[in-house]
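**Student:** 3D, please:
(chains A, B and C)
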Amino acid sequence: MACWLMKSEPDECSVEDALAAPNATVPWVGVRNHQARNFMRDAMRVGDPVLFYHSSCAVPGIVGTARVASAACTDPTQFDRSSRYFDPSSRPEQPRWLMVDVQVIRKIPTITLPQLRARPELDGLGVLKKGNRLSITPVSESHWRAIVAGLG
DNA sequence: GCCAACGTTGGC
DNA sequence: GCCAACGTTGGC
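**Tutor:** Numbering: from 1, shown residues only, chains lettered A, B, ... in the order given. Sure thing, here's the model as predicted:
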């Protein structure tokens, strides 16, 4: 079992949006990076713990805990011409992009980037690395424990 | 809006 | 296969 941090733009799908969805579960569509896709395809398992992260917004940070709720499957938005995630070079007989379902477990008070950086035990957390752009990053078990400890 | 970092594209 | 140009991400 691995732990993960998954970025979402709250304008697109916030943790509140996900909580309001049926079963608090949303399809994690729109991943268009091969490395992130390969994590979903090769390493994610149903039940893996997830940190829900808000990016490209006023207060970026970890905003909730969640779990992987499905195996990787074809991301339908790659074939949807009206979607911002449409990929004209992806063929239905050989889909290029995958998604998983993500089920929010709970919303937490936002843990901001400065708050995360202030904790030496979180050194090396993927989202804190300079230049990090990956929308899905693995989280070590010790980092996971440190982050969720004391959430009450 | 700026800009660093990084991925992708395409000419050669 | 190299690499310059370009596009995107994402914090600030």
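
**Student:** Show me the shaky parts of chain A.
**Tutor:** Applying pLDDT under 70 to chain A flags no residue at all.

**Student:** Which residues does the longest strand anywhere in it contact?
**Tutor:** The longest strand of chain A (DSSP state E) is strand A:101-112. Residues outside strand A:101-112 that contact it (Cβ atoms under 8 Å, 6 or more residues apart in numbering) are A:6, A:15-16, A:18-19, A:23-28, A:50, A:52, A:54, A:59-70, A:147, A:151. (C-beta placed from N, C-alpha, C; glycine too.)

**Student:** From these, list the ones also adjacent to DNA strand C.
**Tutor:** A:Pro60 (Cβ under 7 Å from any atom of the strand).

**Student:** how about the residues of chain A near DNA strand C?
**Tutor:** So chain A meets DNA strand C at A:7, A:9, A:32, A:55-57, A:60, A:113-114, A:127, A:132-135 (Cβ under 7 Å from any atom of the strand).

**Student:** ranges for the helices of chain A?
**Tutor:** Ranges of helices within chain A are A:10-13, A:15-20, A:34-38, A:113-117, A:141-148, based on DSSP state H.

**Student:** From A:Thr74, how far off is the residue of chain A most remote from its centre?
**Tutor:** Centroid-distance maximum for chain A: A:Glu93 at 26.6 Å, with Cα atoms, centre = their mean. With distances taken as Cβ to Cβ, to the nearest Å, A:Glu93 is found 11 Å from A:Thr74.
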